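Student: give me the fold of what follows.
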Amino acid sequence: MAIYSGALRDKIHKLKYEGKTGWAMIFGRLLVGWMESHPEAMRGVDYVVGNPTHSGRQPIQHIEAIMDAAYTEDVTRAYPLSPPGGHRLVKQTETARSASRTLDEKRAAAAAHAAALTWTGDTGDIKGATVLL
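Tutor: Numbers count the residues shown, from 1 in each chain. The predicted model follows:
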């Protein structure tokens, strides 16, 4: 667990807003490291998915870049990550950004974001599945 502030916040912003893709590799490795160090939390997880960004996101689809890096880092395929380009959860439409918004605006943006998400696999395979988001 980490606090979203200081150096960590700076690095996330470098990836998210400046497209510094090297940070995706580091965050992907951190995700795999977390899964490795929390086997009890991973027990029974059927899918590990990122909270997706819209395909038109500029300069980079940062969440997808992190998830792709995590898949690459998981060389033994120990975790149920989707391969690059095969993301199970996708965002179909762009929604309002929640950064620098009020709490009510953030809640509205989160609801719109959730409504824009689509599961790309067979919907039967998600029914009753345990998904780590």
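Student: going forward, measure contacts and count neighbours with C-alpha atoms only.
Tutor: Noted.
Student: distance of the most centrally placed residue in the chain from residue 42?
Tutor: Computing the C-alpha centroid of the chain and ranking residues by C-alpha atoms, centre = their mean puts residue 50 first, at 2.3 Å. Taking C-alpha to C-alpha, to the nearest Å as the measure, residue 50 falls 15 Å from residue 42.
Student: next: residue 98.
Tutor: Between residue 98 and residue 42 the distance, using C-alpha to C-alpha, works out to 30 Å.
Student: these two: who's more crowded?
Tutor: residue 42 (19 against 16; other C-alpha atoms under 10 Å).
Student: pLDDT value on the nearest residue to the more buried one once chain neighbours are set aside, please?
Tutor: By the measure of C-alpha to C-alpha, 6 or more residues apart in numbering, the closest residue to residue 42 outside its immediate chain neighbours is residue 35, 6.5 Å from it. We note a pLDDT of 97 for residue 35 in this prediction.
Student: can you give me the end-to-end span of stretch 120-133?
Tutor: The stretch stretch 120-133 measures 15 Å between its terminal residues, going by C-alpha to C-alpha.
Student: typo on my end, stretch 38-47
Tutor: One end of stretch 38-47 sits 15 Å from the other (C-alpha to C-alpha).
Student: quick one: the strands in this protein?
Tutor: In order along the chain, the chain carries the following strands (DSSP state E): 47-48, 89-91, 117-119, 131-132.
Student: once you drop chain neighbours, what's closest to residue 41?
Tutor: Excluding the flanking residues, the one nearest residue 41 by C-alpha to C-alpha, 6+ apart is residue 35, at 7.8 Å.
Student: ok, the one you found - contacts?
Tutor: With contacts defined as C-alpha atoms under 8 Å, 6 or more residues apart in numbering, residue 35 is in contact with 41, 42, 79.
Student: so residue 27 makes contact with residue 66?
Tutor: Yes: in this structure residue 27 lies within contact range of residue 66 using C-alpha atoms under 8 Å: 6.0 Å.
Student: compare the two (neighbour count), which wins?
Tutor: Between residue 27 and residue 66, residue 66 has the larger neighbour count (other C-alpha under 10 Å), namely 25 against 20.
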